[in-house]
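[1] here is my input; please provide its structure:
(one chain, ligands or ions: 1)
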Amino acid sequence: MKNIRSLEKDEIKSYFESIEEKSFRSKQLYKWLWQKLVGTFDELSDFSKRLREELKVTFYIKYPDIVQKQVSKDGTIKYLLKLEDGSTVETVWIPDGKRKTICVSTQVGCAMGCKFCYTGRQGLKRDLKFYEIADQVSVIKRDLGISPTNIVMMGMGEPLQNIDNVLKAIDILNDEIGFGIAARKITVSTAGWLPGFDKLIDYPKQIKLAVSLNAPNNEIRDEIMPVNKRYKIEDLLSAVRHYIDVKKKRVTFEYVLIKGVNDSKEDADKLIALTNDIECKINLIPLNVAVDDKDSPFDSIEDGRVKQFEKWMMRGKRTVTVRKSKGRDINAACGELKRYEIDTKNIIIK
Ligand code: SF4
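    Here you go, the predicted model:
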């Protein structure tokens with residue numbers, strides 16, 4: 001028996017060919033699975049009873065289980081989802097007026113080891129399959145009964161290290177017989193895993209790219225993002241320039257503002273110099289460390305310092321925004337919900 005949600009479009013087609021069913025069944029089934037998000041084969045009302053029974057012999061329908069759900073005062077909801085092999089990932093629902101964003105994970109854990117991120121301190125367990133990435137959206141849509149308007153791949157994991165599954169998941173999210181979310185509303189965020197760039201550039205859909213830069217020079221970036229020891233800022237920026245040349249799309253640089261590490265006037269000056277000739281937007285993300293995160297090597301940054309840094313950055317040519325803090329009361333920082341689940345089971349993931 002196999003989870004039918006794990007089948008790709010051409011596998012669904014081959015299955016129907018193998019049982020000598022008409023080819024239009026593939027599109028019908030795909031719609032039931034990815035647009036209507038059915039929970040049982042009995043809901044397939046345009047399939048004969050015989051065909052529904054035949055499907056049940058070979059397949060079952062299984063979504064990830066919600067093992068924990070934390071709701072913030074501001075409406076942000078953080079989900080901890082359990083996959084079929086028992087692995088858990090976190091997914092966040094972020095409502096902001098008409099914009100409803102889901103932040104999805106692309107790996108179980110992460111190999112990038114960013115010092116400011118709890119997930120990064122746990123290491124990588126495995127890549128997510130394409131349907132496990134897309135099904136984080138399915139679970140939330142089924143739970144809340146609301147469709148998301150935007151998707152950001154900024155949860156656990158480095159998307160470009162799992163690029164094949166990420167792009168297949170985006171196909172489903174964007175498909176008009178899937179979730180129907182416009183490509184320009186889907187953002188892939190990378191810490192700078194350069195081997196994944198070519199496939200992203202070749203991907204024909206106009207999705208958005210965010211690059212987690214976080215430092216104005218190699219010295220600081222080496223300290224807080226180990227990936228920089230492998231792929232230096234100059235190489236990352238040349239990959240970004242190439243991406244912009246080919247895709248004709250502006251990128252967003254994410255800059256996690258860390259107190260005493262990358263928040264000085266000199267850092268702002270260097271960041272302006274580094275990015276002024278690149279078609280980009282700069283998004284400042286104040287680092288907020290959970291009160292009980294004793295392992296964090298950093299402290300939370302004060303609002304006044306964030307405003308000051310933003311002012312310094314305004315002297316450059318590029319648009320600068322500060323990410324609104326959402327879900328602080330439920331520890332919505334990267335990897336936090338996962339941490340609580342780990343703590344309650346007293347398991348330490350290395
Ligand atoms: S910030 Fe993102 S890329 Fe860096 S360790 Fe955390 S999950 Fe991985």
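[2] show me which residues of the stretch 151-300 of the chain are close to the ligand?
    156-158, 191 (Cβ under 6 Å from any ligand atom). Bear in mind the C-beta positions are built from the backbone N, C-alpha and C, glycine included.
[3] nearest to the ligand, of the residues you listed?
    Ala191 (3.8 Å; Cβ to the nearest ligand atom).
[4] burial measure for that closest one, as a count.
    Neighbour count for Ala191, taken as other Cβ atoms under 10 Å: 27.
[5] hey, which strand is longest across this structure?
    Ranked by residue count under DSSP state E, the longest strand found in the chain is strand 88-96.
[6] is it up against the ligand anywhere?
    No. Strand 88-96 lies apart from the ligand when judged by Cβ under 6 Å from any ligand atom; the minimum separation is 10.3 Å.
[7] list the buried residues of that strand.
    Buried residues in strand 88-96, counted by 16 or more other Cβ atoms under 10 Å: 88-95.
[8] what would these look like in JSON lines with pLDDT?
    Putting those into JSON lines (pLDDT from 0 to 100) gives the following:
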{"residue": "Thr88", "pLDDT": "96"}
{"residue": "Val89", "pLDDT": "96"}
{"residue": "Glu90", "pLDDT": "95"}
{"residue": "Thr91", "pLDDT": "97"}
{"residue": "Val92", "pLDDT": "96"}
{"residue": "Trp93", "pLDDT": "97"}
{"residue": "Ile94", "pLDDT": "95"}
{"residue": "Pro95", "pLDDT": "96"}
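[9] continuing past the helix or strand where Val57 lies, what's the next helix or strand?
    According to DSSP states H and E, Val57 maps onto helix 49-58. Per DSSP H and E, the first helix or strand lying C-terminal to helix 49-58 is strand 59-60.
[10] quick check, Ile146 in contact with Arg99.
    No. Using Cβ atoms under 8 Å as the test, Ile146 is too far from Arg99 to be in contact (11.9 Å).
[11] rewinding a little: what does the longest strand of the chain rub up against?
    The contact list for strand 88-96, computed with Cβ atoms under 8 Å, 6 or more residues apart in numbering, reads 64, 67, 75-83, 100-105, 108, 128, 132, 136-137, 139-140, 144, 148, 155-156, 324, 326-327, 332, 335, 337-338, 341.
[12] which among the residues you listed count as buried?
    Buried members of those, counted by 16+ other Cβ under 10 Å: 64, 76-81, 83, 100-105, 108, 128, 132, 136-137, 139-140, 148, 155-156, 326-327, 332, 335, 337-338.
[13] now intersect those residues with the strands, please.
    Per DSSP E, strands hold the following members of the buried ones among the contacts of strand 88-96: 77-81, 100-103, 108.
[14] what sits against Lys259?
    Per Cβ under 8 Å, 6+ apart, neighbours of Lys259: 287, 298-302, 305.
[15] let me see the confidence value for the residue in the stretch 1-150 of the chain that the ligand sits nearest to.
    Taking Cβ to the nearest ligand atom, the ligand has its nearest neighbour within the stretch 1-150 of the chain at Gly120, 2.6 Å off. Per-residue confidence at Gly120 stands at 85 (pLDDT).
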